[in-house]
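A.B. asks: Could you look at this predicted model? Sequence included:
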Amino acid sequence: MAKSPKASPKASKKTPAKVRKSAAAASEEFALHSLQEAHEKAGAYKATEDEMMALYEQMLLIRRFEEKAGQLYGLGLIGGFCHLYIGQEAVAIGLQSALDNERDSVITGYRDHGHMLAYGIDPNVIMAELTGRAAGISKGKGGSMHMFSTEHKFYGGHGIVGAQVALGGGLALAHKYKEDGGLCLAYFGDGAANQGQVYETFNMAALWNLPIVFVVENNQYAMGTAVTRSSAETEFYRRGTAFRIPGMDVNGMDALEVRGAAEIAFKHVREGNGPVLMECNTYRYRGHSMSDPAKYRTREEVQEKRDTQDPIEGMKKLLLKKGKSEDELKALDKAIRARVAASADFAETSPEPEPSELYTEVLVEEY
């Protein structure tokens, strides 16, 4: 009978007590850094009536703007792809209302109109960009999926699934290198959460202690496949654990809860504790894009979400309890509809870019 091979000295060697103690201490420290408990204890953001009214107005602007964009797409005035944010308004508004617009940066995927409006960017230039006009925020060159504004520290609008996450890591590195006190808010979806570059960025962000908040906008269906059919781990906020990144599980249909979570996450990052991974569970009412009939879910499911979890209706109920009248809120809605209609008129009457614009801004021209 052949003798069993001896275990190598290295393999049989026990972990020194000092190393074991160090690893245990690190694990304990990481457990203490978990922000989920703090989020659950703090609850929703304690907004004043004025703050609630401002959040409601901003969400309503996104809703009415996106509805108008859908109409213009149907009329053929918006070309290419168009991904609407209807239903997800509480995520962008809750998070970006807590940002420092002078220092912080934002980057997202191609469902980007709502994020720009949440940053307070003029609806005229956003609608003009959607329709490919020279007055657009990217001079008509980006369209729906590739909006950009260095002035507002909004870095897109990216069409490649998950690509913005790695770029967000670069923005966070720039904040740290410049010591400007800013952080990067990097959005991606549940579909992009399975991209390899996302985890490469998690690793580097944790390793280099970068000031970044990764936000998974989990709208449940990615490009048309339910998360339960595409992801082994459907609790996306846990996915940073291997990189020692604390996670937060947030109701993305409640702007006040999102804002409360943002306060905790941003404070953690600004204090030099490294990245945070936040999962905002939300729901888009339209298909993945305007060309998606969304046959992978029932009309009844969508209607149930609208009836029971709509972020705008939820905020409206809170405002009515605070003493706001139906007439006051209706007047606000009417004013917002008029503002959005004006932005559509501005876009339709603005000239298209000159053909020579095809050759400008292709290269940076400065190195």
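C.D. replies: Cool, the structure landed.
A.B. asks: Which secondary structure element is home to V106?
C.D. replies: strand 105-107 (DSSP states H and E).
A.B. asks: same question but for A186, I mixed them up
C.D. replies: Assigned by DSSP H and E, A186 falls within strand 184-189.
A.B. asks: Tell me which strands that strand pairs with, and in which orientation.
C.D. replies: For strand 184-189, the paired strands and their directions (DSSP bridges) read strand 105-107 (parallel), strand 212-218 (parallel).
A.B. asks: Go ahead and name everything in contact with that strand.
C.D. replies: Contacting residues not belonging to strand 184-189 are listed as 95-96, 99, 104-109, 111, 115, 161-162, 164-165, 168-169, 171-172, 175, 198, 210-219, 222 [C-beta atoms under 8 Å, 6 or more residues apart in numbering]. Every C-beta, even on glycine, is put in place using the N, C-alpha and C of the backbone.
A.B. asks: Would you indicate which residues of the helix or strand just after that strand are buried?
C.D. replies: Next along the chain after strand 184-189, taking DSSP H and E as the criterion, comes helix 196-207. By neighbour count with 16 or more other C-beta atoms under 10 Å, helix 196-207 contains the buried residues 197-199, 201-206.
A.B. asks: and what of stretch 155-163?
C.D. replies: By neighbour count on 16+ other C-beta under 10 Å, the buried set for stretch 155-163 is 155-159, 161-163.
A.B. asks: Would you mind putting the residues you listed into TSV with secondary structure and pLDDT alongside?
C.D. replies: Shown next, in TSV, are the buried residues of stretch 155-163 (DSSP: H, G, I helix; E, B strand; the rest coil; pLDDT from 0 to 100):
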residue	secondary structure	pLDDT
Y155	coil	96
G156	coil	91
G157	coil	92
H158	coil	95
G159	coil	92
V161	coil	94
G162	coil	94
A163	helix	95
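A.B. asks: Between all of the residues you listed, which two are at the greatest distance?
C.D. replies: Farthest apart among the buried residues of stretch 155-163 by C-beta to C-beta are Y155 and V161. That separation is 16.6 Å.
A.B. asks: Please tell me how far Y56 sits from E357.
C.D. replies: 39 Å (C-beta to C-beta, to the nearest Å).
A.B. asks: More neighbours: these two, which one.
C.D. replies: For Y56 versus E357, neighbours defined as other C-beta atoms under 10 Å are more numerous around Y56 (24 against 13).
A.B. asks: Low-confidence ranges, the chain, go.
C.D. replies: 1-33, 365-367 (pLDDT under 70).
A.B. asks: for the residue lying closest to V258 once chain neighbours are set aside, helix, strand, or coil?
C.D. replies: Nearest residue to V258, sequence neighbours excluded (C-beta to C-beta, 6 or more residues apart in numbering): G94, at 2.7 Å. Assigned by DSSP: H, G, I helix; E, B strand; the rest coil, the conformation of G94 is helix.
A.B. asks: Look up how far D112 lies from G94.
C.D. replies: Counting by C-beta to C-beta - G94 and D112 are separated by 17 Å.
A.B. asks: Looking at the two, which is more packed in?
C.D. replies: Between G94 and D112, G94 has the larger neighbour count (other C-beta under 10 Å), namely 30 against 27.
A.B. asks: wait, isn't the more buried one in contact with A265?
C.D. replies: No: using C-beta atoms under 8 Å as the test, G94 is too far from A265 to be in contact (11.2 Å).
A.B. asks: Go ahead and list the helix or strand containing Y296.
C.D. replies: Going by DSSP H and E, Y296 is not in any helix or strand.
A.B. asks: List the backbone torsions phi and psi for it.
C.D. replies: Dihedral angles of Y296 (phi, psi; degrees, to the nearest 10) stand at phi -80, psi 0.
A.B. asks: What is the burial count for the spatially closest residue to Q309 that is not a sequence neighbour?
C.D. replies: Leaving out its chain neighbours, the residue that sits closest to Q309 by C-beta to C-beta, 6+ apart is M253, at 4.5 Å. M253 has 23 neighbours, counted by other C-beta under 10 Å.
A.B. asks: looking at it, M253 is touching E313, isn't it?
C.D. replies: No: when contacts are counted by C-beta under 8 Å, M253 is not listed as touching E313 (10.0 Å).
A.B. asks: All set, thanks.
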